[in-house]
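In: Sequence and predicted model, in that order:
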Amino acid sequence: MRSGIVLMLGVWLVISCHEIKDCTLETSTDYAIVRFYRADTTVKTVKEVAFSKIYEPVSGYYISSMEDTVVAIGLFLNPADTRVTYLFETDSIDYELTMEYKPHLRIYYDECDPVYSFRLDTAYSPNFDSVDMVNNVLDKVVVTNLEIYL
């Protein structure tokens, strides 16, 4: 009887100390959420914008033929670099947005694939009225990383 209790206690300790390894718990993203706002108001007002093309010339990543207006868009970052510049084409003017960031390679468990997490250092544009970094962490729970005023 006594050895049975010791055996059950040992099995319970092994099971309770077993770490659950879930590779789907990672919440980092490889894109920054950019939202557009009107620059000519005192109240923060969402602005619908229409670009004919948004692209990153070095990697060739692009969003072509945007027929509808958007108020927000996700812009991907390259883990092999620390800077990315996107070009936003319209009929009348082309805009440029540069983001500088730090990629961090993370390995949570041996059984899981490595993942990159990103932190924005700065974002700037010579064309938009203003670029404001709201949250520098790229994560699924973050609603907005950058606010662009035009």
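Out: Ah, there it is.
In: what element comes up after the helix or strand of the chain with the lowest mean pLDDT heading to the C-terminus?
Out: Ranked by mean pLDDT, DSSP states H and E, the weakest helix or strand in the chain is helix 2-16, scoring a mean of 60. Proceeding N to C from helix 2-16, the next assigned helix or strand is strand 31-37, under DSSP states H and E.
In: Can you name every helix or strand that that following strand contacts?
Out: strand 72-76, strand 115-124, strand 146-149 (3 or more C-beta pairs under 8 Å, 6 or more residues apart in numbering; DSSP states H and E). C-beta coordinates here come from the backbone N, C-alpha and C atoms, glycine included.
In: Mind listing what's buried along that strand?
Out: 32-37 (16 or more other C-beta atoms under 10 Å).
In: Of the residues you listed, which is the nearest to Asp81?
Out: Ala32 (13.9 Å; C-beta to C-beta).
In: Let me know which of the helices and strands packed on strand 31-37 is tucked in deepest.
Out: strand 146-149 (a mean of 21; mean count of other C-beta atoms under 10 Å).
In: Partner strands of that strand, with direction?
Out: strand 31-37 (parallel), strand 130-133 (antiparallel) (DSSP bridges).
In: So for Val70, which of those sits nearest?
Out: strand 31-37 (7.4 Å).
In: partners of Val34 in the sheet?
Out: Ile73, Leu146.
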